[in-house]
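J.: sequence and predicted model, in that order:
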Amino acid sequence: MATQSLSITASGSFSLVDSEGVTVFSFSPSFTTAAEVTDSTQMHTGEILAGTSATTINTAHNNKDLIYTFVKNVDTDYVVTVQADGDDIADLAPGHCFFSPVHIDGAGDASNNLDLDAATAAQKCQYLICDGKDTGINTDD
């Protein structure tokens, strides 16, 4: 019998260079999922319309300690706010995207939703959610 494992790596490089070509700031984040994820390893993707009140991407089957989250505002006119556990974690202008590992239940109140909120009208967003390593931070699973 074969064993299946999943590993995803996301990386990028950001540099701030002044008018004379001198690098003022450089940052190269990289995140890799680990093989030791929860038994209910989940990875899902889709499109959703973010409404004028919080629209939920349900992550009930994901690891609340850590999910790797990618969200892109594919609409062309208004900002979309990304919220985890009721806290704003990103404002996405039209065409912008967001990637981050997220502890979805920071308050320990069994919250398991990632919310999108559009201030003016329904905005189309694409998302990818992938479980990360179970860190044991939240034991209310």
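T.: All right, it came through fine.
J.: what's stretch 19-27 in contact with?
T.: Here stretch 19-27 makes contact (C-beta atoms under 8 Å, 6 or more residues apart in numbering) with 13-18. All C-beta spots, glycine's among them, are computed from the backbone N, C-alpha and C.
J.: ok, stretch 75-91 next?
T.: Taking C-beta under 8 Å, 6+ apart as the rule, stretch 75-91 contacts 50, 54, 69, 71, 73, 92-95, 98, 100, 102-107, 109, 111, 114-121, 123-125.
J.: now the most centrally placed residue in the chain: closest residue in space, sequence neighbours ignored.
T.: Centroid check for the chain by C-alpha atoms, centre = their mean gives T69 as the closest residue, at 2.0 Å. In this structure, T69 finds its nearest non-sequential neighbour in V102, 4.8 Å apart by C-beta to C-beta, 6 or more residues apart in numbering.
J.: give the next helix or strand downstream of the helix-or-strand element of the chain with minimal mean pLDDT.
T.: Among the helices and strands of the chain, strand 30-32 carries the lowest confidence by mean pLDDT, DSSP states H and E, at a mean of 62. Next helix or strand after strand 30-32 toward the C-terminus (DSSP states H and E): strand 43-50.
J.: so for that following strand, what gets flagged as buried?
T.: Buried residues in strand 43-50, defined by neighbour count with 16 or more other C-beta atoms under 10 Å: 48, 50.
J.: that one packs against which elements?
T.: Secondary-structure packing of strand 43-50 (3 or more C-beta pairs under 8 Å, 6 or more residues apart in numbering; DSSP states H and E): strand 55-58, strand 113-118, strand 123-131.
J.: can you tell me the strand partners of the shortest one and which way each runs?
T.: Meaning strand 55-58. strand 113-118 (antiparallel) (DSSP bridges).
J.: helix, strand or coil for the residue of the chain most remote from its centre?
T.: Going by C-alpha atoms, centre = their mean, the residue of the chain most distant from its centre is E20, 35.8 Å out. With DSSP: H, G, I helix; E, B strand; the rest coil as the basis, E20 sits in coil.
J.: look up how far V79 lies from it.
T.: 34 Å (C-beta to C-beta, to the nearest Å).
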